[in-house]
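[1] next comes the sequence, and after it the predicted model I'd like to discuss.
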Amino acid sequence: MIRVTRLNGEVLYLNVLQIESMESIPETKIKMMNGYYYLVKDTADSVMEQLKKFYHSCIVFEDANR
């Protein structure tokens, strides 16, 4: 899950596997697979960084030095 902040300041945790798309309009609009969308203060770049960290945490590397 990733942590984002709605425009009203409310913290929201989203399931990354359910995110369908994102757009900057200038706030970030995150559309979910169920059709709902969330307008958040976080930039699209910061959301993408969280997504990368999430997926990286799911991968097990054979070399422990990676």
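    Great, that's in hand.
[2] Three-state assignment for the residue positioned nearest the centre of the chain, please.
    For the chain, Val47 is the residue whose C-alpha lies nearest the centre (CA atoms, centre = their mean; 4.2 Å). Under DSSP: H, G, I helix; E, B strand; the rest coil, Val47 falls in the helix class.
[3] His56 now?
    Per three-state DSSP, the local secondary structure of His56 is helix.
[4] wait, what's in contact with the residue nearest to the centre of the chain?
    When contacts are counted by CB atoms under 8 Å, 6 or more residues apart in numbering, Val47 touches 2, 4, 22, 28, 30, 40. C-beta here means a position set from N, CA and C on the backbone, and glycine is covered the same way.
[5] leaving out chain neighbours, which residue sits closest to the first one?
    It refers to Ile2. Gln50 (4.1 Å; CB to CB, 6 or more residues apart in numbering).
[6] how much space separates the one you found from Glu62?
    According to CB to CB, to the nearest Å, Gln50 stands 25 Å off from Glu62.
[7] neighbour-wise, which of those two wins?
    With neighbours defined as other CB atoms under 10 Å, Gln50 and Glu62 compare such that Gln50 has more, 17 against 5.
[8] what comes up buried for the helix or strand containing that one?
    Of the helices and strands defined by DSSP states H and E, Gln50 is found in helix 44-58. Residues 44, 47, 50 are the ones in helix 44-58 that count as buried (16 or more other CB atoms under 10 Å).
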